[in-house]
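Trainee: Structure here, sequence nowhere to be found:
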């Protein structure tokens, strides 16, 4: 599904990613771990197509298409979803209208009719149950006045509504208490299928107790320096990142 | 292929001011210049009574001694008042019995403006008065309103049919000496709308005036007077457009609202005068004086969406004279390219327990300048007065400006005044968030801006709210940078 080859990316003339290779197949869950400043969030932003990051070398292939050439909204419509580390507030725009616009843009892109009001609302009902999203949050402005946990739940709710092929969760666990973490993880796990894939970007192992990855990669200084199974996450939790910094070999 | 910013720019080149057409109809226009004889000529052309001519002449003499104000945060070449024609009227049979007698070209203009009057009659029940250049050319729904005793007609007609009301109220809220442009308007105003709601009557439909400047080299000076008698209610809408011209046309209107005891007036404006082109050439100078007077328990609410004009100088205000009266001001002002707006309100608290609310939302794009200027004045006798003001500014580019000039004068210690102000730049983060959900940039901006202005747009009557949203979109297309 996703093939990242020798990816170099910089922002403000500073190179952050220095040759990332990663292959993700449908049905897989990958965790990207690493110390602060290793380039984890940059990788998430580059996948989503944020303009501030420039791809200087390498390639990203998504279902046979060159992702780098696509505008961010086109990537989204093709099925790339980013759950933001810091979800943005949009005052005055109701959560539900925002989502309806998003869904219909995607449907139009795929040659489908816009969803009728009735169908849309029943979808909202179904998907919001998944993350136990409070009814009143649906009609409030996008993320405005939401608590940290509510914002993250709202991200997963949007993900459920948009049914992406590739979901990138950027530090979704940060700021969540244990109950919220369980709810969010349950949401992500229920959305998992043979057709889609998930990349979890996280600093801590904690989230991986709930969303079990098939592969764990350690990103350090802009490169993936170690890959392994879920046990690698436990090892990192125990030893910290220092042992990896000392011997940066794959 | 990726849709780039350049593609967007290309697409937008075609999208310009939608109402920039002119209508080819015969017009009766007097030659440029202003002196006492011109004032007399206007009055004569309109067959006015002596008292009105006298009013005009006094205003003219006052104006001659006044200086054009310079305190607003706007820069422009002052109009040459001797180069403007002060009267232009579409030529047509003098008395119209029905809309069918209106010049077909004129009817076409109305259709282009989207105010097919027949449509409006059928669908929304809005009574419309259409003012082109200087003269009111059509008023719909008059008979139905008359059954309730509501008078809704052109100003000229009111002078003839209801001189006692005009004499009683003209210039009582905005005196001719009020300011330079009000004095000018009082001297040369050509037409406008008049509305009277009798005691205890709730006007069952929206009353609406559509203003249009058509002739070149003219100014538009209309006068609106709305009187809501005790315990009555009306909602009034005003829309404006003008053709695209390279010259700066002057619009200096006066609007007076009078809400007697327990009456309520809701006055909504969607101002879309020609704003000039991308390089700042042409556009309407919009220098308008709007003020309302509230007697005991009365309420006046101003809602405005300002997207047009090269320069706007406008402060719809409320004189809260009666005890327990209240005033509201809701405004969205959008400036793009080289537009300049200095707009806001004055809330003058005189009576006891008077209340006022000010919500102002400025949106600046391109190289424009957008200022909020507001005065909240609490008089000695206004014990228990309350005001809440909120002034927000949204910047769409790095080259535009947003300014807030709030003035507070308080002479009564029991008053409560709250003021909040924010300035924000349209967030790259907000935009990217929308893009990441598959919403393209144009739609994202429209979502964000409409969300930002929602508190004000919600105050508009339905028909206007839709138009206003569309205008916001058109005014801001391709403006993030």
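Mentor: Received the coordinates, thanks. This is a predicted model, so every value here is computed, not measured.

Trainee: How many neighbouring residues does residue A:231 have?
Mentor: The tally of other residues near residue A:231 (other CB atoms under 10 Å in any protein chain shown) stands at 9. (Each C-beta comes from the backbone N, C-alpha and C, glycine too.)

Trainee: tell me the secondary structure for it?
Mentor: At residue A:231 the chain is in helix, as set by DSSP: H, G, I helix; E, B strand; the rest coil.

Trainee: Can you name the residue of chain A nearest chain B?
Mentor: Distance from chain B to each residue of chain A (CB to the nearest CB) is smallest for residue A:92, at 2.9 Å.

Trainee: which ones are touching that residue?
Mentor: A:141, B:450-455 (CB atoms under 8 Å, 6 or more residues apart in numbering or on different chains).

Trainee: Among those residues, which one has the most neighbours?
Mentor: Compared across these, residue B:453 has the highest neighbour count, 26 neighbours, by other CB under 10 Å.

Trainee: Please enumerate the helices of the chain.
Mentor: Picking chain A for this. All helices of chain A, identified by DSSP state H, fall at A:40-48, A:72-78, A:95-109, A:117-130, A:135-139, A:148-162, A:178-191, A:230-239, A:242-246.

Trainee: ah, no, chain B please
Mentor: B:5-13, B:36-45, B:50-64, B:104-112, B:117-123, B:142-147, B:155-161, B:163-169, B:180-188, B:428-436, B:441-452, B:454-457, B:462-476.

Trainee: Could you pull out the buried residues of the last one?
Mentor: By that I understand helix B:462-476. The neighbour-count check on helix B:462-476 (16 or more other CB atoms under 10 Å in any protein chain shown) flags B:463-465, B:467-469, B:471-476 as buried.

Trainee: for the stretch 201-350 of chain B, what are the low-confidence residue spans?
Mentor: The stretch 201-350 of chain B contains residues with pLDDT under 70 at B:211-218, B:240-247.

Trainee: Could I get the contacting residues of residue 168?
Mentor: Chain wasn't specified; assuming chain A. The contact partners of residue A:168, by CB under 8 Å, 6+ apart, come to A:44, A:47-48, A:80-83, A:198-199, A:201.

Trainee: which ones among the residues you listed come in contact with chain B?
Mentor: A:48, A:81-82 (CB under 8 Å from any CB of the partner chain).

Trainee: Just the buried residues of stretch A:109-121, please?
Mentor: So stretch A:109-121, judged by 16+ other CB under 10 Å, has buried residues A:115, A:120.

Trainee: So which of the contacts of residue A:168 are in strands?
Mentor: Members of the contacts of residue A:168 lying in strands (criterion: DSSP state E): A:80-83, A:198-199, A:201.

Trainee: By neighbour count, which of those residues wins?
Mentor: Within the ones in strands among the contacts of residue A:168, neighbour counts (other CB under 10 Å) peak at residue A:82, which reaches 28 neighbours.

Trainee: Enumerate the residues of the stretch 301-450 of chain B near chain A.
Mentor: Counting by CB under 8 Å from any CB, the residues of the stretch 301-450 of chain B near chain A are B:427-430, B:432-441, B:443, B:447-448, B:450.

Trainee: Kindly recompute the last result at 10 Å.
Mentor: Neighbours of chain A within the stretch 301-450 of chain B, by CB under 10 Å from any CB of the partner chain: B:361, B:392, B:424, B:427-441, B:443-444, B:446-450.

Trainee: Just the buried subset of those, please.
Mentor: The neighbour-count test (16+ other CB under 10 Å) marks B:361, B:392, B:430-441, B:443-444, B:446-450 as buried among these.

Trainee: contacting residues around residue 185?
Mentor: The chain I'm using is chain A. By CB atoms under 10 Å, 6 or more residues apart in numbering or on different chains, residue A:185 lies in contact with A:156, A:172-173, A:176, A:207-212.

Trainee: Let me rephrase: I mean chain B.
Mentor: B:59, B:63, B:174, B:176, B:178-179, B:192, B:219-223, B:251-255, B:287-289.

Trainee: go with 8 Å
Mentor: Residues counted as contacts of residue B:185 (CB under 8 Å, 6+ apart) are B:59, B:221, B:223, B:252-254, B:289.

Trainee: In these, find the pair that's most separated.
Mentor: Maximum pairwise distance among the contacts of residue B:185 (CB to CB): 14.3 Å, between B:59 and B:253.

Trainee: Quick one: residues in contact with the least confident helix or strand in chain A by mean pLDDT.
Mentor: When the helices and strands of chain A are scored by mean pLDDT, DSSP states H and E, helix A:242-246 comes last with a mean of 74. Applying CB under 8 Å, 6+ apart, the external contacts of helix A:242-246 come out as A:35, A:218, A:220, A:225-226, A:236.

Trainee: Now find how far off-centre it is within its chain.
Mentor: Centroid separation for helix A:242-246 versus its chain: 26 Å, with CA atoms, centre = their mean, to the nearest Å.

Trainee: Per-residue pLDDT of the most centrally placed residue in chain A, please?
Mentor: Taking CA atoms, centre = their mean as the criterion, residue A:168 is the residue nearest the geometric centre of chain A, at 1.8 Å. With respect to pLDDT, residue A:168 has a value of 96.

Trainee: do the same with residue B:473
Mentor: 76.

Trainee: which ones are touching the closest residue in space to it that isn't next to it in sequence?
Mentor: The shortest distance from residue B:473 to any non-neighbouring residue, by CB to CB, 6 or more residues apart in numbering or on different chains, is to residue B:446 (4.7 Å). Listed by CB under 8 Å, 6+ apart, the contact set of residue B:446 reads B:469, B:472-473, B:476.

Trainee: returning to what we had before: buried subset of the contacts of residue A:185 as a PyMOL selection?
Mentor: Applied in PyMOL, the following selects the buried portion of the contacts of residue A:185 according to 16+ other CB under 10 Å:
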select buried, chain A and resi 156+172+173+176+207+208+210+211
